[in-house]
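*Asks:* Can you look at this prediction? I've put the sequence above it.
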Amino acid sequence: MYKPLLLSFLVCGITGFVQKANAQVFAANYTTISQQNKTQPDRKASIPLKEALRDAETRFGIHLVYKTDEIPNRLIAADALSGKLEQVLENLLNPAGLTYKKVRNTYIIKTQKVKTSGKEILTPSEPSPEALPSTRTISNDFSSLRTVPSQLQFPTSATRAVVLEDIKIAGKVAEENGQVLPGVSILLKGTNRGTTTDVNGGFQLAVPDEKAVLVFSYVGYLPQEVVVGGRTALTITLVADTKALGEVVVVGYGVQKKTSLTSAVAEVKSEQLTRRPVSNANQALQGIAPGVTILDRGGSPGPNSRATVRVRGITTLSSNDPLFIVDGVEQPFNTINLDDIESISVLKDASSTAIYGSRAANGVVLVTTKRAKSGKAVVDYSGFYAVQNAINKPEMMDLEPYMRLQNVAYINSGAAAKFSEAQISEYVNATDRLKFPLPNTWFKTVLRAAPQFSQNVSVSGGNEFFRGRVGVRYQKQGGIAPNFDSDVKEIRANTDFKVSNRLSASVDINYRNNNWQTPISEFNVFNTMFHGSLWAVPKYPDGTYGVSAQGNNPLMYAEIAGLSRNIQDYLFGSGKVEWEIIPNLKFSSQYAIRYTAEQNKNYTNAYTVLDYYNPSLVRKTIPRSSLTEIRSVTRETTLNNLLGYSNTFGQHEVKALVGYSEIQNKYNTINAYREDFYNNDVQSIGAGSDNNKNSGGVDSQWGLRSFFGRVNYALADKYLFEANARYDGSSRFTGDKVYSFFPSFSAGWRLSEEKFFEPLRAVVGELKVRGSWGRTGNQAVGLYSYFQTLNSSTYTFGGSVVQGYVQSNLANPNLTWETTAQTDIGLDAQLWNNRLSFTFDYYDKLTDGILLNLPIPTTVGLNAPPQNAGKVGNKGIELGLTYRNKTKSGFSYEIGGNFAQNNNKVIDLAKTGPYISGTDIDPRYIIKEGLPYNAHWGYKTDGLFQTADEIKAYPTLVPNMKPGDVKYVDLNNDGKINSDDMTFIGLTFPRYTFGLNTNFSYKNFTLFTQWQGAADVDTRLSGALAEMGNYEGFTHKIYTDNYWTPERPNARFPRPVKLDLRNVSTSDRMIIDGSYFRMKTIQLSYSLPKGLLERIKAGRATVYVSGTNLLTFSKLNEWNLDPEAESGRATYYPQTSLTTVGLNVQF
């Protein structure tokens, strides 16, 4: 895999070495050569000065920068090239009235300033151009500074030239209403010389003469060219580009003008991603784009975040993750460095995704990383330091109310009260909590504040022939519980080369190291914070752990039970060439390698916990240590070949693309297990006992071969059409099922370009309607599912146990792709000079051929294979609005909102199902025709029984129901309560998602807020949260004096019954509305003023403070639970809030 990369480096290195060696050797021997040449007649005894300069560059290995019209057309003697570099330059330049300035390895040639009387200026005497021999001239198309990359020669005759020094220009840039514009790009036309405006809209730039032309450009505004003339102070007013015709959007295998887009594409810019400090890239997309749902489940530090991305709902019954394409190649997204991202395009409809065919049914996310721009080197630094705190800290019922609830629960179960009044008094009034521990303090003793910081530095720059950007990152995240932490080290280098006017190349390399650890059983830590750990002292003064009656202590599990250590090395390399074969016809080829190596060491400690008061008493022991070590390697190569054509014929614009892609993936994993290590410090797999050892491994590979194309046609830039097609072949299928075809079509009409629309253009600058239809696929089936496979087994033969192989699953050679057909109708508009942006989409998509394990006759004797049978539908709308404005007082603001509705339904299960999972005391889910995917399933309830007569008159779930018990509804009226009465009781995936982003700026201050929410989604509580202390678990404070007793018949919760779960069966009583609206981020930033920037020699600098997840509106707040977390027992790493300080600087 390294050969192509090594070959590239070797070729570049050898070429550079040879060029430099040639330059040095030629320079050292030039005198001898020229002397030898004197003895021979040479028609090149005199050569033009320009040719001499080109020759000098090659011979001395330098770069010369000059303006071609300042180099006189004169002849010089060839022997002027003799000698050392500095002497040669003087020989060439001084006689022509020129001088030079050295900047690193570049020599800038400029005219000499000569003292004269009055204003008289002497100019060099020059022979007429006709007197010069024929020679190659240097292009002066742009009146630019010319960088000659190849040759050097020198002039001879002595004359003087006098030209004025560079003119210093200062000025300010504003928009039409007078509001200054920071960050405006100012470029000396035809050169790399330029600058940007500061926070006050000011700029300074040196130009060579009065004829210089400055080009002012800014996103959303029309570019403007200004001739300097005799001015030294400029005031520039930029006009808003109401149509934003130059703005382009990244789409599959290319870019398109935003106005000509006929697909549903959501675009996210770099600054939107980096405003919120996150540890996982998935989190950064939340609340930004309509139709993109991010379920941020939190998650411990490390790459295995529980934040998931869904585009337009749940598409299939298997994986619903979208396809992530980074710089043209499928790559992991969640661990990418956000500071390296230039933009993200989320392709949502089939028209935009069909060109990715079999991997695009769940949407496609295109990521474009930052690349260098021509100009001086720019250094960017961004860093932040944050403090994390858990926002999920359920409050335990106070001591006395808890003890009295336990007494009621025991009495309701027919037993005696557990605590006497004397015991209650003794516990409540005790001051020694080592002898009289509180029932549950784990959320105070295990969870803690933890640091998180990130440092990013990038250097970028280049010229016409080479551009490069290198970025490095170091990120560290501590855990809010012991022994959770991670760190990330990363470097990315993106380079671009211009080989010639028609040939360019790029080489990209990205290396990332993720190193993280967790306790050996993360589940045990958080599960026992709720369950089976009452009345235990977290840790005694001597470090001894207290344990509950069940032998549990979550702090002990976190600190001494063992560790899971993980290392992930990710290496990506890509080489790409682009060749303009003829005007309007381009070919590009990209070859990329992706390599991921993971190491996992899961070590369980052997340990013993003694009683604090009686050390001879063993309270808990784990006698055997063990180690499971897993190593895996994934290698994936990608080849993309593209041939693109674009041209305009009058009012007709045509674009066409054909391509070929090939992916090869190989995976290998090995694992080993041993026990009984000498001690917990020796954690090498070879140091374990030979008893009870085990090992294993897996090898797999798959491939994908694809042919695809796209055609775009625009008439008068207002009637738009696009067609895409992809022909995919996958090794996951066999026979005639290997290949499948995925087409799409879309069209758009820019009404704002019609003549009848002219009266409205002052208000509506852009209005476009569009529609699309297409098919995409999903190849996410198990490898070798079509193959008859054998599993190892043992059997007895001749009285001995021998190894054998047996088939357990029936193969299905007819497996094929899941296909998704989608229709989309959309509208895009820009109003009031681009102040208001509006987009709307309606979509209807149907996924067919979903894999199901349909029943087969039991006489077959094998497990049923998956078959293409199911159907799932999604319909919805998406709305995006952004309003921006600036006032003359210097106040600017931007308010953006997005909203999406998704209606999901399982349409067909091929006469099978329903498929029900879960238990009666935990969340129960159902996949059933006519219902949303994985809906909550359970009983309806009708309050609480209040009298014995009411109980006699109505069927009950269990015998011996009492007043205060839950009244489950006999839904089918058959006189009994059983599973036949269960029904749909809630949604697990939100029907509505929405976001609100605001940005307010005044002078150097900016206040940014990001809000995000979801509605019509439900959470099912279970475990200790729902049991009301009926078992030995955490009991929430919400139950205090709020459970049924004869004195409290209108209480919210039923009567507690010890060791009885009759009242916590899955029902609508256990369902909590999971809707929420959350302030994801609030950030106040300050941009340093110009004077301070000049002192620190920085171009711009911003300091900020921010908060994340600080405010949430949700019904789950009363349970101290995160509304984004999934249903269940809350045995997960808690969601966190962050308080952050940060700095962004550019030099």
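*Replies:* Yes, it's here. All values derive from a computational prediction rather than experimental measurement. Numbers count the residues shown, from 1 in each chain.
*Asks:* Tell me if I'm right that K576 and S589 touch.
*Replies:* Yes: checked against CB atoms under 8 Å, the pair K576 and S589 is within contact range at 6.9 Å. Placement of C-beta: from N, CA and C, glycine included.
*Asks:* Show me which of those two is the more surrounded one.
*Replies:* For the pair K576 and S589, the greater number of neighbours falls to K576 (19 against 16), based on other CB atoms under 10 Å.
*Asks:* What score does that one have for pLDDT?
*Replies:* What the model reports as pLDDT for K576 is 97.
*Asks:* mind listing what the residue lying closest to it once chain neighbours are set aside touches?
*Replies:* Computed as CB to CB, 6 or more residues apart in numbering, the closest residue to K576 that is not its neighbour in sequence is Q590, at 4.2 Å. Listed by CB atoms under 8 Å, 6 or more residues apart in numbering, the contact set of Q590 reads 328-329, 574-576, 638-641.
*Asks:* shouldn't F787 be in contact with L810?
*Replies:* No: the pair F787 and L810 does not pass the contact test of CB under 8 Å, sitting 11.2 Å apart.
*Asks:* So which of the contacts of Q590 sit within helices?
*Replies:* Secondary structure assignment by DSSP state H places none of these in helices.
*Asks:* Name the member of those residues with the most neighbours.
*Replies:* Neighbour counts for these were taken using other CB under 10 Å; the highest belongs to S574, with 24 neighbours.
*Asks:* That one pairs with what?
*Replies:* Partner residues in beta bridges with S574: D508, A592, with DSSP bridges as the criterion.
*Asks:* Need the pLDDT of the residue nearest to K576.
*Replies:* With respect to pLDDT, Q590 has a value of 98.
*Asks:* What helix or strand is it located in?
*Replies:* Taking DSSP states H and E as the definition, one finds Q590 inside strand 585-604.
*Asks:* tell me how far that strand is from the chain's mean position?
*Replies:* Here strand 585-604 is found 17 Å from its chain centre; the criterion is CA atoms, centre = their mean, to the nearest Å.
*Asks:* Pull that strand out as CSV, backbone CA atoms only.
*Replies:* Output in CSV follows, covering the C-alpha atoms of strand 585-604 (Å, rounded to 0.1, in the frame of the first residue of the first chain):
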residue,chain,number,x,y,z
LEU,A,585,-12.7,18.9,-21.8
LYS,A,586,-11.0,17.7,-18.7
PHE,A,587,-9.9,14.3,-17.4
SER,A,588,-9.0,13.6,-13.7
SER,A,589,-7.8,10.5,-12.0
GLN,A,590,-7.6,10.0,-8.2
TYR,A,591,-6.1,7.1,-6.4
ALA,A,592,-6.4,6.9,-2.6
ILE,A,593,-5.4,4.5,0.2
ARG,A,594,-7.1,4.2,3.5
TYR,A,595,-5.5,2.3,6.3
THR,A,596,-6.9,1.8,9.8
ALA,A,597,-5.2,-0.3,12.5
GLU,A,598,-6.7,-0.8,15.9
GLN,A,599,-5.4,-2.3,19.1
ASN,A,600,-7.6,-3.2,22.1
LYS,A,601,-6.4,-4.5,25.4
ASN,A,602,-9.1,-5.3,27.8
TYR,A,603,-7.6,-6.3,31.2
THR,A,604,-9.6,-7.4,34.2
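*Asks:* Could I get the buried residue list for it?
*Replies:* Buried residues in strand 585-604, defined by neighbour count with 16 or more other CB atoms under 10 Å: 586, 588-596, 598, 600-604.
*Asks:* how does this protein divide into domains?
*Replies:* The chain breaks down into these domains under automatic domain parsing: 19-148, 167-238.
*Asks:* quick one, helices of the stretch 801-950 of the chain?
*Replies:* Remark: helices assigned in the stretch 801-950 of the chain by DSSP state H, counting those that start in this stretch are 948-952.
*Asks:* meant to ask about the stretch 301-450 of the chain
*Replies:* Assigned helices in the stretch 301-450 of the chain, in chain order: 350-353, 399-412, 421-429, 442-445 (criterion: DSSP H, counting those that start in this stretch).
*Asks:* Could you list the buried residues of the second one?
*Replies:* Of the residues in helix 399-412, those buried by neighbour count under the rule 16+ other CB under 10 Å are 402-410, 412.
*Asks:* and what of stretch 993-1002?
*Replies:* For stretch 993-1002, the buried set under the neighbour-count rule, 16+ other CB under 10 Å, comprises 993-997, 999, 1001.
*Asks:* can you tell me which of these are in strands?
*Replies:* Of the positions in the buried residues of stretch 993-1002, 993-997, 999, 1001 sit in strands, assigned by DSSP state E.
*Asks:* I'd like these as JSON lines, with pLDDT appended.
*Replies:* Listed next are these as JSON lines, based on pLDDT from 0 to 100:
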{"residue": "T993", "pLDDT": "96"}
{"residue": "F994", "pLDDT": "95"}
{"residue": "G995", "pLDDT": "95"}
{"residue": "L996", "pLDDT": "96"}
{"residue": "N997", "pLDDT": "95"}
{"residue": "N999", "pLDDT": "95"}
{"residue": "S1001", "pLDDT": "95"}
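*Asks:* how near is N584 to F649?
*Replies:* Shown here: N584 relative to F649, a distance of 11 Å by CB to CB, to the nearest Å.
*Asks:* try Y992
*Replies:* Counting by CB to CB, the gap from Y992 to F649 is 47 Å.
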